[in-house]
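Asks: When you get a sec, could you give me coordinates for this:
(2 chains)
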Protein chains: 2
Amino acid sequence: MQLMLVFELLSTNGKSRRGRLTLPHGIVETPCFMPIATKGAVKTLSSADVEALGASIVLSNTYHLLLRPGLEGMEKLGGLHHLMGWNKPIITDSGGYQVFSLSKMNKTTEEGVTFQSHIDGKRIHLTPEVSMRMQAAIGSDIVMQFDDVAAGDSTRERYEQAMELSLRWARRCKDALPPGQNLFGIVQGGTHEDLRQKSVEGLVDIGFDGYAIGGLSVGEKREDAYRIAEFICDKMPADKPRYFMGGGMPEEIVHYVSLGVDMFDCVIPTRNARHGTLFTWAQDPTTIDFSKRPTDFYKKLNVTGEASAFDESPVDAWCDCSTCKTVSRAYLRHLFSVGEMLAMRLATIHNLRFYLRLMEELRKKKDA
Amino acid sequence: MQLMLVFELLSTNGKSRRGRLTLPHGIVETPCFMPIATKGAVKTLSSADVEALGASIVLSNTYHLLLRPGLEGMEKLGGLHHLMGWNKPIITDSGGYQVFSLSKMNKTTEEGVTFQSHIDGKRIHLTPEVSMRMQAAIGSDIVMQFDDVAAGDSTRERYEQAMELSLRWARRCKDALPPGQNLFGIVQGGTHEDLRQKSVEGLVDIGFDGYAIGGLSVGEKREDAYRIAEFICDKMPADKPRYFMGGGMPEEIVHYVSLGVDMFDCVIPTRNARHGTLFTWAQDPTTIDFSKRPTDFYKKLNVTGEASAFDESPVDAWCDCSTCKTVSRAYLRHLFSVGEMLAMRLATIHNLRFYLRLMEELRKKKDA
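Replies: Numbers count the residues shown, from 1 in each chain, chains lettered A, B, ... in the order given. Below is the predicted model:
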């Protein structure tokens, strides 16, 4: 447990980076995509399934695990790695985002947030210290600071207030985290450059093991997100990993990688899969020139549509996942049409493999 | 396609039988359990998963497949083996049972049954000839005759009428089935020995590739089911496979095997799994003396209960399934408590393996 986090920058190409992150539970080659195991499982998949897809780290949610099994429950269970049987790195978000998006009647003070569980209405008090204790119980390789998340359409005043409070909470998180875990700070400030600058400088002053871009992919215009992400990346320390939270579509990931982002998580591949929307390569992925920031390298397939009813081809001829190797679009469409859970699983396997393969191809280009 | 069905009786022990069924898509060692792939998938499992569990034949439902993808759809799809990517034998029930249990406003005449789809209310006319055509489109290795199923609490008159109509339909099924498929007749007649006798004799007169016991496991007393099953088995031809439809609990299967039944299907392992009820061995299954018709060789575990919350042991220490090899009761309980679909899948894998293992052990005893 001495070696907590080592980030090696293997190569750069313009602003984009090829790196290697060594964490207590293993190595993560970057840029990387982190499948979301919200409640301790990537929906429909076992830990062995996720590993077989090529994932080297998963993201889990402090908020959901705080509700069930709870703090004492997680401590007694010996942590999430043990519970899931997942022996690779785990990153956890702090709960800040979910408190605002999922819970009812939340009330924020300097101390923290009081909210009602969206499960049973129970009153829960979440503070930077509680979040750190919960993420310690989970045993996360990377702990995210607890932050105050302003809604996507907030006023400048609200963004500033949330950013300032998040900075003070960042300090408290650093003070509260027990030794042996890595902590990332989260840059806030909406689409306001000056607020983002103050946020990133404040975080770097405190000093973290990595830095995240928060508060984007929440409904702002894509060009605003690109502008702000580039503004932030340019000010982030080069020797620490950079994590874009909660985004995005494949072409967005390609763009953010070109700006120097190293880590991504997103519900898009898994949530889309469960609704029958699949990502497919428009061409052999080994032949794509990602340096040109292409946007047309994939197609979305709605496999529930009539067009797939008698289509014997696999979801994606370029894909090496077990779904593409074993089932036809026609079968997948039949399974969706009759409501079989297997449909969601097969689609999840494919979409996650698409995203993980995208990262593999992005890394290969940088290795070359 | 010349070799349609060969049933070899390898050995007998009292009334119980150890056999081998050779079908167009492969060999089925008997006594066997046939997992239920109602709509073209064993719920939560891929065809590869089902094969890995050791299943050599699955049962699918004519009724459900007639609704979706429909007769023309299935013909265009090239059959169920092709659609599912399942290359081993498939048996299909005729739709008779589902018409009565699932559909609304069904009306029976000499010709057949008219009913409303439970999906969209569409009016569908199902006759012996339509059932045969649908099962031909499916490409079933074993086709079940279309039968008139009397409810479990019917009068003797109703049982007699349903049995007589089923006999006339059995003849029409035999006449309608295209060459190249195997057809089983279904013995009806409730718990009335004389009706059952008339049914089995009538079916044997027509001549089928195998014979099934229908209309049991529908709410009658267990001793009545045992009595009727023994009565029927004693009158069935020894050189044809015998199939007990829709049953049952593990100790019932042990009992029916001791009476000379060769084939079983049942929703119990899969449906129970999805509700968190798991079958576990009470002792090393290789040491059970099934000749004594034991009833205490397994225990039911409700893994959703508090007792499993911090239980690090596998579901079943005697089990060789991937669930027992990779996850704890605590994790499975957590997954059920947070509503993850993965819970149902992991539980289904275990329960099906329990049933398939039970048959393996029953066959081993007869091999010895």
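Asks: In the stretch 101-250 of chain A, what residue lies closest to chain B?
Replies: The nearest approach of the stretch 101-250 of chain A to chain B comes at A:Ile119, 8.8 Å away (C-beta to the nearest C-beta). Where you see a C-beta, it was placed from the backbone N, CA and C, and this is true even at glycine.
Asks: what sits against the residue lying closest to that residue once chain neighbours are set aside?
Replies: Excluding the flanking residues, the one nearest A:Ile119 by C-beta to C-beta, 6 or more residues apart in numbering or on different chains is A:Leu67, at 5.4 Å. Contact analysis of A:Leu67 by C-beta atoms under 8 Å, 6 or more residues apart in numbering or on different chains lists A:117-119, A:122, A:124.
Asks: got it, and A:Leu358?
Replies: When contacts are counted by C-beta under 8 Å, 6+ apart, A:Leu358 touches A:33, A:250, A:253-254, A:285.
Asks: most surrounded residue in these?
Replies: A:Phe33 (25 neighbours; other C-beta atoms under 10 Å in any protein chain shown).
Asks: Wondering if stretch A:51-66 reaches chain B at all.
Replies: Yes. Applying C-beta under 8 Å from any C-beta of the partner chain, one finds stretch A:51-66 touching chain B at A:His64.
Asks: End to end on that stretch, go ahead and measure it.
Replies: 25 Å (C-alpha to C-alpha, to the nearest Å).
Asks: Now the stretch 1-150 of chain A against chain B: closest residue?
Replies: For the stretch 1-150 of chain A, C-beta to the nearest C-beta, closest residue to chain B: A:Lys39, 4.2 Å.
Asks: Pick out the residue nearest the middle of chain A.
Replies: In chain A, the C-alpha nearest the mean C-alpha coordinate belongs to A:Asp265, at 1.9 Å (C-alpha atoms, centre = their mean).
Asks: What segments of chain A are helices?
Replies: In chain A, helices defined by DSSP state H lie at A:47-52, A:62-67, A:71-77, A:80-84, A:96-102, A:128-138, A:156-176, A:193-206, A:222-235, A:250-259, A:268-274, A:322-326, A:329-337, A:341-367, listed in chain order.
Asks: re the thing from before, next one, pLDDT for the residue nearest to A:Ile119 please.
Replies: pLDDT for A:Leu67: 93.
Asks: what sits against whatever residue of the stretch 251-368 of chain A ends up closest to chain B?
Replies: When scored by C-beta to the nearest C-beta, the stretch 251-368 of chain A has A:Val338 as its residue closest to chain B, at 4.2 Å. Listed by C-beta under 8 Å, 6+ apart, the contact set of A:Val338 reads B:39-40, B:64, B:68.
Asks: Equivalent analysis for A:Pro294, please.
Replies: A:251, A:254, A:288.
Asks: How about the residues of the stretch 251-368 of chain A by chain B?
Replies: Neighbours of chain B within the stretch 251-368 of chain A, by C-beta under 8 Å from any C-beta: A:309-310, A:322, A:326-328, A:330-331, A:334-335, A:337-338, A:340-342, A:344-346.
Asks: let's go with 7 Å and repeat that
Replies: With C-beta under 7 Å from any C-beta of the partner chain as the criterion, the stretch 251-368 of chain A meets chain B at residues A:310, A:326-327, A:330-331, A:334-335, A:337-338, A:340-342, A:344, A:346.
Asks: and the two most separated of these?
Replies: A:Phe310 and A:Met341 (23.1 Å; C-beta to C-beta).
Asks: Which one of these two is surrounded by more residues?
Replies: A:Met341 (20 against 15).
Asks: residues touching that one, list them.
Replies: Residues near A:Met341 by C-beta atoms under 7 Å, 6 or more residues apart in numbering or on different chains: B:43-44, B:341, B:344.
Asks: what about 8 Å?
Replies: Going by C-beta under 8 Å, 6+ apart, the list of residues near A:Met341 reads A:44, B:43-44, B:341, B:344-345.
Asks: Turn the residues of the stretch 251-368 of chain A next to chain B into CSV, including pLDDT.
Replies: Formatted as CSV, those follow (pLDDT from 0 to 100):
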residue, pLDDT
A:Phe310, 98
A:Thr326, 97
A:Val327, 98
A:Ala330, 98
A:Tyr331, 98
A:His334, 98
A:Leu335, 98
A:Ser337, 97
A:Val338, 97
A:Glu340, 98
A:Met341, 98
A:Leu342, 98
A:Met344, 98
A:Leu346, 98
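Asks: Nearest to B:His192 among those residues?
Replies: The closest of these, once distances to B:His192 are taken by C-beta to C-beta, is A:Val338, at 37.3 Å.
Asks: separation between that closest one and B:Leu83?
Replies: Distance, A:Val338 to B:Leu83, by C-beta to C-beta, to the nearest Å: 12 Å.
Asks: tell me the domain ranges of chain A?
Replies: Domain assignment for chain A by automatic domain parsing gives A:6-265, A:273-367.
Asks: Any idea how far apart the tips of the first one sit?
Replies: Terminal residues of domain A:6-265 are spaced 20 Å apart (C-alpha to C-alpha).
Asks: how far is that domain from where the chain is centred?
Replies: 7 Å (C-alpha atoms, centre = their mean, to the nearest Å).
Asks: for the residue nearest to A:Leu102 when sequence neighbours are not counted, what are its contacts?
Replies: Among residues not flanking A:Leu102 along the chain, A:His118 sits closest, at 4.8 Å (C-beta to C-beta, 6+ apart). Neighbour list for A:His118: A:67, A:102-104 [criterion: C-beta under 8 Å, 6+ apart].
Asks: Next: A:Phe146.
Replies: A:94-96, A:112, A:126-128, A:131-132, A:169, A:172-173.
Asks: Spatially, which two of those are the most separated?
Replies: Pairwise over the contacts of A:Phe146, using C-beta to C-beta, the maximum falls at A:Gly95 and A:Arg172, 14.1 Å.
Asks: And the two? Which one has more around it.
Replies: A:Gly95 (28 against 18).
Asks: I'd guessed the more buried one sits against A:Leu66; true?
Replies: Yes. Here A:Gly95 lies in contact with A:Leu66, judged by C-beta atoms under 8 Å, at a distance of 6.3 Å.
Asks: re the thing from before, for the residue of the stretch 101-250 of chain A closest to chain B, phi and psi?
Replies: phi -90, psi -60 (degrees, to the nearest 10).
Asks: Alpha carbons of stretch A:77-88, in CSV - could you do that?
Replies: Provided in CSV are the C-alpha atoms of stretch A:77-88 (Å, rounded to 0.1, in the frame of the first residue of the first chain):
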residue,chain,number,x,y,z
LEU,A,77,-18.7,-6.2,4.0
GLY,A,78,-15.0,-5.4,3.8
GLY,A,79,-15.2,-2.9,0.9
LEU,A,80,-16.5,-3.0,-2.7
HIS,A,81,-13.6,-4.9,-4.3
HIS,A,82,-14.3,-7.8,-2.0
LEU,A,83,-18.1,-7.6,-2.4
MET,A,84,-18.0,-7.4,-6.2
GLY,A,85,-15.1,-9.8,-6.6
TRP,A,86,-13.4,-7.1,-8.7
ASN,A,87,-9.7,-7.0,-8.2
LYS,A,88,-8.9,-4.1,-10.4
